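Colleague: what's the 3D shape of this:
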Amino acid sequence: MVNDKLATFSLTNNFNLIRIFAAIQVALAHSASHLEVKLPSGFEVLSLFPGVPIFFTVSGFLISNSFYRNPSWKEYSINRIVRIFPGLWFCFIILLLGLFATRVLTFDTLFSSYFWRWVLCQISFFQFYTPDFLRTWGVGAPNGSLWTIPVEIQFYVFLPFIYFVHKQLSKRNWIVFCSFLIGVVLFLNYFYRTLDVNLMFAKLYHITLAPFLAYFLLGYFSFIFWKYIRTWVEGKFLIWAIIYGVYIGLVYFKLG
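Modeller: Numbering: from 1, shown residues only. Predicted coordinates:
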């Protein structure tokens, strides 16, 4: 059964700091790749702080905390919409201005069906769709990073399902269910590695929650068992930073 006192954590935390570091990793790695810039020696360690998995893990923790504190489907849905779409739509407006300024889009484009089909996808949850007329702009996708939005929305939909199961099951059956989830994650990860990345199915599979479910569940279970984990985390940032620094040093030395 669900424990009403599952997890409470101080609003004074390092989640924003973690997300800043994750965003820096994503920005540097993608910039170097797209601009074909060779980063200085030592920047290989950026791969040891992968931004996207960290974002999904933090999201799993925070939205679980939000939903378990107030499991109202209506409020949860409104909060998630407010969290995603205002910023997304503002970003899209800036993108449109850039496309018109560079004459990729013109006044005549406004009368084409493919343009409005693309607009509808961008303001909803099909941001991964890029029509051919935009393939010549930038790196082939006007804002390729938005592929994470559909994945995140799928996590939002998936979380109430876990909550419902958690609420209905006994402690023993909950452990069985968790074991089942771990098995599903292992299978999905193995299946993903066997796919040919050039296949359309593989590309569509990549923008589902399946390949990233492990990260989300890591955040979710961290929240569920926070009362046991918190003594190893709270107030120990410096200790973990040193351990992480040593880990990076050892791996980088080995790579070098």
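
Colleague: Tell me which residues of the helix or strand where Trp116 lies come out buried.
Modeller: Assessed by DSSP states H and E, Trp116 sits inside helix 113-123. Under the neighbour-count criterion of 16 or more other Cβ atoms under 10 Å, helix 113-123 has 115, 118, 121-122 buried. (C-beta placed from N, C-alpha, C; glycine too.)

Colleague: Distance to Phe223 and pLDDT added to the residues you listed, as a markdown table?
Modeller: What follows is those, written out as a markdown table (distance: Cβ to Cβ, whole Å; pLDDT from 0 to 100):
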| residue | distance to Phe223 | pLDDT |
| --- | --- | --- |
| Phe115 | 42 | 91 |
| Trp118 | 37 | 92 |
| Cys121 | 32 | 92 |
| Gln122 | 31 | 92 |
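
Colleague: which residues of the stretch 1-150 of the chain score low on pLDDT?
Modeller: Across the stretch 1-150 of the chain, the ranges flagged by pLDDT under 70 are 1-13, 40-47.

Colleague: Do you have the strands of it handy? List them.
Modeller: In the stretch 1-150 of the chain, no segments count as strands under DSSP state E, counting those that start in this stretch.

Colleague: where along it do the helices fall?
Modeller: Remark: helices assigned in the stretch 1-150 of the chain by DSSP state H, counting those that start in this stretch are 15-34, 51-69, 73-101, 113-123, 148-168.

Colleague: For the second one, enumerate the helices and strands it packs against.
Modeller: So the one you mean is helix 51-69. helix 15-34, helix 73-101, helix 148-168, helix 213-224 (3 or more Cβ pairs under 8 Å, 6 or more residues apart in numbering; DSSP states H and E).

Colleague: Deepest in the core, which of those helices is it.
Modeller: helix 213-224 (a mean of 22; mean count of other Cβ atoms under 10 Å).

Colleague: for the record, mean pLDDT for that helix?
Modeller: Averaged across helix 213-224, pLDDT comes to 91.

Colleague: Most distant residue from the centre of this structure?
Modeller: Ranked by distance from the centre of the chain (Cα atoms, centre = their mean), the top residue is Asp108, with 36.2 Å.

Colleague: Quick check: which of the helices and strands packed on helix 51-69 is nearest to Gly245?
Modeller: Evaluated over the helices and strands packed on helix 51-69, closeness to Gly245 peaks at helix 15-34, with 13.0 Å, by Cβ to Cβ.

Colleague: got the angle between that closest one and helix 148-168?
Modeller: 140 degrees (axes from the mean of the first three to the mean of the last three Cα atoms, to 10 degrees).

Colleague: between helix 15-34 and helix 51-69, what angle do the directions make?
Modeller: Using the same axes, to 10 degrees: helix 15-34 against helix 51-69 is 150 degrees.

Colleague: Identify all contacting residues around helix 15-34.
Modeller: 37-39, 43, 46-47, 49-52, 54-55, 58, 61-62, 139, 145 (Cβ atoms under 8 Å, 6 or more residues apart in numbering).

Colleague: Just the buried residues from those, in ChimeraX please.
Modeller: In ChimeraX syntax, the buried subset of those is picked out as below (16+ other Cβ under 10 Å):
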select :46,51,52,54,55,58,61
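
Colleague: The nearest residue to Gly219 once chain neighbours are set aside: how many residues sit nearby?
Modeller: Of all residues not flanking Gly219 in the chain, Gly60 sits nearest, at 2.5 Å (Cβ to Cβ, 6 or more residues apart in numbering). By other Cβ atoms under 10 Å, the residues close to Gly60 number 25.

Colleague: What of the one 3 residues further on?
Modeller: Around Ile63 there are 22 other residues, counting by other Cβ under 10 Å.

Colleague: pLDDT score assigned to the nearest residue to it once chain neighbours are set aside?
Modeller: Of all residues not flanking Ile63 in the chain, Leu159 sits nearest, at 6.1 Å (Cβ to Cβ, 6+ apart). Leu159 is assigned a pLDDT of 93 by the prediction.
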